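Chemist: Build me a structure from this.
(2 chains, ligands or ions: 2)
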Amino acid sequence: MTDHPTKLSAHSVNLWFGNKHVLKDVSVTFPRNQITALIGPSGCGKSTLLRCFNRMHDLSPDARITGEFLLDNQNLYDHGISVTQVRRRVGMVFQRANPFPKSIYENINYGLKINHIPKTERQGIIENALKESYIWDEVKDELQKPATRLSGGQQQRLCIARTVALRPEVILMDEPCSALDPLSTLKIEELIVKLKKDYTIVIVTHNMQQAQRIADKTIFMYLGEVVEAGDTKALFEHPQQEMTANYVRGRFG
Amino acid sequence: MIKKLTPVIEWGTLLLTTGTVCFFLVAILWDLVSKGAPSLSWEFVSSIPREGMTKGGILPAITGTILLTLITAAAAVPFGVSCAVYLNEYATDSALNRLIRASIRNLAGVPSIIYGLFGLALFVQALQMGTSLLAAGLTLGLLSLPYIITTTEEALRRIPASTREGALAIGATQFESIRDVVMPSALPGILTGVVLSLSRAAGETAPILFTGVAFYINSPTGSLNQEFMALPYHLYMLSTQHHAIEEVRPLAYSTALVLIIVVFLLNLTAFYIRYKHSKK
Ligand SMILES: Nc1ncnc2c1ncn2[C@@H]1O[C@H](COP(=O)(O)OP(=O)(O)OP(=O)(O)O)[C@@H](O)[C@H]1O
Ligand SMILES: [Mg+2]
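Modeler: Ligands and ions are numbered 1, 2, ... in the order given. Got it, this is the predicted structure:
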């Protein structure tokens, strides 16, 4: 992995929700143009960690975070950096597709609008984003249709299109396929693999096969701590920790 | 045996209660329509009352109620919706905010005559608006506020966090996410609450009694600083205070029918907006 420098990282991160210590001294690195999978049992803090990187916890008053988050050596929680700027550079795709209550076209156009991208460029960007997300052929004739009428898998690809349209540097994905059928899942996996040449991708997944299919690097978390991190193949075939071995072989708890 | 009977009993109970409610609803409507329809005519809704209300129509009362409701809406909707947005989207769970919320809930339970007295003291006297359309509209606005705030808050609460986060994640500010994503999603719910509150306000008598309603006005055009006629009050006068109650009874029924129709049209408008919205 030496040819892939670190794009995004967290150092000695602790996070509390009220009194609940959810992330315990977590340090992780995500290599540039690689897919990193975050795995671990339910409630171990994967989503919580992921949401730190685009500052989604900013609006929850009971979340307290210490530690450092770096994007290209820039601290994401610096006073000088605006939260909207962080979110534009670090995009996010959610577990449940959450298109806006607008047309397919507007779903992507909206992000361009609020990020002040000139009107003349938008049309091209939208078309491109839809093509890049492999949904163009399915929707090109009905761009004015409400996005909520699309199937779940199409909605999720639209949400990915909405994210890539803004040309983020990193895309965070929180179980993007968990609500989808196997065919849509395969389509999205294919898409994710193609996206990695332009983006750094972090994906949370409960699906061990999925992690092995698409991830270059895998991080295993347990009860708010990072247990093991490394090359996906190595981590699944020769786990260093017993806990990791039990988890990836489905002998857990 | 008991096992077999249980569903029958459950169904029976549900059917009976639903039936009872529907029965009274239909009975009221039937009573109104059968007694009010005969004297309902174009002349009745388009001319002013004559000969001590025994002849002529109720045009001033119709325009009065419509204008009154518009003023109520103009006063209560912007404040009510903004307040609900603040409470649900921005306010933290502090003691002060909990107190504010509880107060608003309690305000919804205050009898409407109290609002009338308050409107008299504040708008009519302190602010020197006199007994007028404006004073009465603002009083009804106050009455509607707690309902509008509560129902709007409910509508906003039903929008899942992931909807807000979707907008935030592409770099929208909190304000942009509320304006462009949360509000459009919550619009049908908000609208339902607003229309219900306004329908209720349109049918109120007590709050306008001291603040501007009049028994008889001979012109249909209301101006903000004048007294006005209103359907519920007209109905009340015709059915209890008139010198020839028996003679004007049919007119009272027709007035009631018109009031129901006005409220129904209000609901229909909301229904139409919701329908248009769901097609988008
Ligand atoms: N807003 C919140 N307030 C309080 N506690 C929270 C909040 N969000 C998450 N938690 C707690 O933090 C812990 C980690 O949650 P998180 O959602 O990160 O788990 P996860 O690893 O993503 O689980 P899953 O695989 O089920 O999605 C859980 O114990 C959860 O109850
Ligand atoms: Mg999660």
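Chemist: buried residues in stretch B:27-45?
Modeler: B:32, B:35, B:36, B:39, B:40, B:44, B:45 (16 or more other C-beta atoms under 10 Å in any protein chain shown). In short, each C-beta sits where N, CA and C put it, glycine included.
Chemist: again with stretch A:182-189
Modeler: Neighbour-count burial for stretch A:182-189, counted by 16+ other C-beta under 10 Å, picks out A:184, A:185, A:187, A:188, A:189.
Chemist: closest to ligand 1 among these?
Modeler: Ligand 1 lies nearest to residue A:185 out of those, by C-beta to the nearest ligand atom, at 16.7 Å.
Chemist: Please look at that closest one and residue A:210 and confirm they touch.
Modeler: Yes: applying C-beta atoms under 8 Å as the test, residue A:185 and residue A:210 come out as touching, 7.4 Å apart.
Chemist: Give the intersection of the neighbour lists for those two.
Modeler: residue A:177 (C-beta atoms under 8 Å, 6 or more residues apart in numbering or on different chains).
Chemist: Show me the buried residues of stretch A:182-189 that map onto strands.
Modeler: With strands defined by DSSP state E, no entry of those lies inside them.
Chemist: What ranges does the chain have for its strands?
Modeler: No chain specified, so I'll use chain A. Applying DSSP E to chain A gives strands spanning A:6-17, A:20-31, A:35-39, A:63-71, A:74-75, A:90-93, A:170-174, A:200-204, A:217-222, A:225-231.
Chemist: I was thinking of chain B, sorry if that wasn't clear
Modeler: For chain B, the strands defined by DSSP E cover B:49-50, B:55-56.
Chemist: contacting residues around the first one?
Modeler: Pointing back at strand B:49-50 there. Under the criterion C-beta under 8 Å, 6+ apart, residues B:55, B:56, B:57, B:58, B:60, B:216 lie in contact with strand B:49-50.
Chemist: ok, now with 7 Å
Modeler: B:56, B:57, B:58, B:216 (C-beta atoms under 7 Å, 6 or more residues apart in numbering or on different chains).
Chemist: now swap in stretch B:269-280 and tell me
Modeler: Contacts for stretch B:269-280 (C-beta under 7 Å, 6+ apart): A:146, B:187, B:188, B:191, B:192, B:195.
Chemist: Distance check, the last one against residue B:148.
Modeler: Here the distance between residue B:195 and residue B:148 works out to 10 Å (C-beta to C-beta, to the nearest Å).
Chemist: repeat for the first one
Modeler: Between residue A:146 and residue B:148 the distance, using C-beta to C-beta, works out to 28 Å.
Chemist: Could you report the neighbour count for residue 144?
Modeler: In the absence of a named chain, chain A is used. The tally of other residues near residue A:144 (other C-beta atoms under 10 Å in any protein chain shown) stands at 11.
Chemist: not what I meant, chain B
Modeler: Residue B:144 has 31 neighbouring residues, counting by other C-beta under 10 Å.
Chemist: Any residues of chain B in contact with chain A? List them.
Modeler: Listed as neighbours of chain A in chain B under the rule C-beta under 7 Å from any C-beta of the partner chain: B:92, B:162-163, B:165-174, B:176, B:180-181, B:184-185, B:280.
Chemist: Can I get the buried part of those residues as one PyMOL selection?
Modeler: In PyMOL syntax, the buried subset of the residues of chain B next to chain A is picked out as below (16+ other C-beta under 10 Å):
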select buried, chain B and resi 163+165+166+167+168+169+170+171+172+174+176+180+181+185
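Chemist: How about whichever residue of the stretch 1-150 of chain B sits closest to ligand 1, nearest residue that isn't a chain neighbour?
Modeler: Closest contact between the stretch 1-150 of chain B and ligand 1, by C-beta to the nearest ligand atom, is at residue B:93 (12.4 Å). Nearest residue to residue B:93, sequence neighbours excluded (C-beta to C-beta, 6 or more residues apart in numbering or on different chains): residue A:61, at 7.8 Å.
Chemist: Do I have it right that that neighbour meets residue B:92?
Modeler: Yes: here residue A:61 reaches residue B:92: they are 5.4 Å apart, a contact under C-beta atoms under 7 Å.
Chemist: Quick one: end-to-end length of stretch B:162-175, please.
Modeler: This stretch, stretch B:162-175, spans 16 Å end to end (C-alpha to C-alpha, to the nearest Å).
Chemist: hmm, it touching ligand 1?
Modeler: No: using C-beta under 6 Å from any ligand atom, we find that stretch B:162-175 stays clear of ligand 1, coming within 11.8 Å at best.
Chemist: any idea how far residue A:210 lies from residue A:29?
Modeler: From residue A:210 to residue A:29 the distance is 21 Å (C-beta to C-beta).
Chemist: So for those two, which sits in the more crowded spot?
Modeler: residue A:210 (22 against 17).
Chemist: model confidence over stretch B:10-29, on average?
Modeler: Taken as a whole, stretch B:10-29 has a mean pLDDT of 92.
Chemist: Sorry, wrong one. I was asking about stretch A:23-43.
Modeler: Rounded mean pLDDT across stretch A:23-43 is 94.
Chemist: Can you tell me the closest non-neighbouring residue to the residue nearest the centre of chain A?
Modeler: By C-alpha atoms, centre = their mean, the mean C-alpha position of chain A lies nearest to residue A:172, the distance being 1.5 Å. In this structure, residue A:172 finds its nearest non-sequential neighbour in residue A:92, 4.5 Å apart by C-beta to C-beta, 6+ apart.
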